[in-house]
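Visitor: Predicted model follows, preceded by the sequence.
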Amino acid sequence: MILFGPPGSGKGTQSDKLVATYGLVHLSTGNLLREEIANKTPLGLEAKSLMDKGKLVPDEVVIGMIDSSLEHHKSAKGFLFDGFPRTAAQAQALDKLLELKKTGIVTVLALEVGEDELVKRLINRGKTSGRSDDTNEAVIRKRFAVYNSETSSVAEHYKKLRKFQSIKGEGTVDEIFTSLCEAIDKKMK
Ligand code: B4P
């Protein structure tokens, strides 16, 4: 499954609950990149300078990270992709990787949240998380611009494949979680 949506839409928040309920492996490219930053690897240093400007990390880097994570969890029952794919090239690469492993995406759940609410959530998170990409409103706005120009094509890709479902992403965390579970359970029947 893919959990899709703009920055701050609650992908990380809902992923934690979904993986616990459905027994999936959580693959968040944002978390994988932050681990590289914390470990001060060359990849992490390159990623940090892009993330702090609100830009995306190069496709080859994130596709490579996903490929090795899939290899690492060969016996997994399933995966929840969070924050990936974020470009059309990443979506095509994921399709190919999954095809090679004789599997595929069951559904793409897209959290829909208005931009004012997103800015509020990210600025709030920036006060406590220590995430340098959440403290500056200009960087947050840049991330939305990148989402509109580079990431919205991912939605089109999965709409064409009839795998895309929109979910209202405003309300309490539990209300949104219930809507996500209903959509997944319908798909699994
Ligand atoms: P990510 O780590 O993917 O994070 P995000 O989009 O900022 O946030 P998310 O949607 O997970 O929000 P959360 O649940 O935490 O990306 C960070 C950066 O990494 C990107 O800008 C990019 O540079 C790079 N990157 C990552 N993946 C990449 C890729 N594939 N290709 C290239 N570059 C990539 O929620 C946000 C806040 O809202 C939290 O504080 C939460 O508590 C709050 N919240 C959640 N649900 C709420 C609710 N219902 N009501 C009120 N508040 C809520």
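Guide: Alright, I've got the coordinates.
Visitor: Any idea which residue of the protein lies closest to the ligand?
Guide: Nearest to the ligand, among the residues of the chain, is G30, at 1.8 Å (Cβ to the nearest ligand atom). Every residue, glycine included, has its C-beta placed from N, CA and C.
Visitor: quick one: that residue and G12 touch, right?
Guide: Yes: shown here, G30 and G12 form a contact pair, counting by Cβ atoms under 8 Å, at 7.1 Å.
Visitor: what sits against the closest residue in space to E150 that isn't next to it in sequence?
Guide: Closest residue to E150 apart from its sequence neighbours, by Cβ to Cβ, 6 or more residues apart in numbering: T87 at 5.2 Å. Contacts for T87 (Cβ atoms under 8 Å, 6 or more residues apart in numbering) come out as 56, 59, 150-151, 153-154.
Visitor: so what pLDDT did T87 get?
Guide: Note on T87: pLDDT of 97.
Visitor: Pull the contacting residues for K160.
Guide: No contacts exist for K160 under Cβ under 8 Å, 6+ apart.
Visitor: near the ligand, from the contacts of T87?
Guide: L56 (Cβ under 6 Å from any ligand atom).
Visitor: Give the ChimeraX command for selecting the buried subset of the contacts of T87.
Guide: Of these, the buried ones go into a single ChimeraX selection, burial set by 16 or more other Cβ atoms under 10 Å:
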select :56,59,150,151,154
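Visitor: from the contacts of T87, which is closest to D116?
Guide: Nearest to D116 out of these is T151 (Cβ to Cβ; 19.2 Å).
Visitor: Next one: the closest residue to the closest one other than its chain neighbours relative to R143, how far apart?
Guide: Closest residue to T151 apart from its sequence neighbours, by Cβ to Cβ, 6+ apart: R86 at 4.9 Å. Using Cβ to Cβ, to the nearest Å, we find R86 at a distance of 11 Å from R143.
Visitor: okay, and the common contacts of G30 and G12?
Guide: Joint contacts of G30 and G12 (Cβ under 8 Å, 6+ apart) are 82-83.
Visitor: out of those two, which sits in the more crowded spot?
Guide: G30 (20 against 16; other Cβ atoms under 10 Å).
Visitor: L122: how many residues sit nearby?
Guide: L122 has 23 neighbours, counted by other Cβ under 10 Å.
Visitor: Return the residues in contact with G5.
Guide: G5 touches 11, 110-113, 169, counting by Cβ under 8 Å, 6+ apart.
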